[in-house]
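# okay, sequence plus prediction incoming.
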Amino acid sequence: MKHVPMRSCIVCRECKDKSELLRVVRRPDGAVVIDRTGKEAGRGAYVCKNGDCMATAVKKRVFNRTFKQQLDNSVYDALAAAMEDDGK
Ligand SMILES: [Zn+2]
């Protein structure tokens, strides 16, 4: 049986296949980026690639809490843009 890595969404806490989640990473230099390749080093957090969880993540600024730092609005702008792309 093939092992599928499961990760939990920081909004709804459901465990899902990585392919159904969007990875956001805080890089060692402190920058927080949306990781589309899955290869960025750093501490990762995952959110479902659906409109609801991503919208909640943007609205509640959940990554501020997850990464314990005040994130630049550009991170959330990028997330909102990713939502347009993936949330269909
Ligand atoms: Zn979710």
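Perfect, thanks for sending it.
# so which residues of the protein form strands?
Using DSSP state E, the strands of the chain run over 6-8, 15-17, 21-26, 32-35, 43-48.
# near the ion, which residues of the protein show up?
Applying the criterion Cβ under 5 Å from the ion, the portion of the chain that neighbours the ion consists of 9, 11, 12, 48, 53. Backbone N, C-alpha and C define where each C-beta goes, glycine included.
# got the contact list for the third one?
Spelled out, it's residue 12. When contacts are counted by Cβ atoms under 8 Å, 6 or more residues apart in numbering, residue 12 is found next to 48, 52, 53.
# of the strands of the chain, flag the one that's most buried.
Mean neighbour count, computed with mean count of other Cβ atoms under 10 Å, is highest for strand 21-26 among the strands of the chain, reaching a mean of 22.
# quick check: neighbours of that one in the sheet, parallel or antiparallel?
Each strand paired with strand 21-26, and its direction, by DSSP bridges: strand 32-35 (antiparallel), strand 43-48 (antiparallel).
# tabulate the residues of the chain next to the ion (TSV), appending pLDDT.
Shown next, in TSV, are the residues of the chain next to the ion (pLDDT from 0 to 100):
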residue	pLDDT
9	97
11	97
12	97
48	95
53	95
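# so what's the gap between stretch 28-48 and the chain middle?
Using Cα atoms, centre = their mean, to the nearest Å, the mean C-alpha position of stretch 28-48 is found 8 Å from that of the whole chain.
# next: stretch 25-36.
Taking Cα atoms, centre = their mean, the mean C-alpha location of stretch 25-36 is offset from the chain mean by 10 Å.
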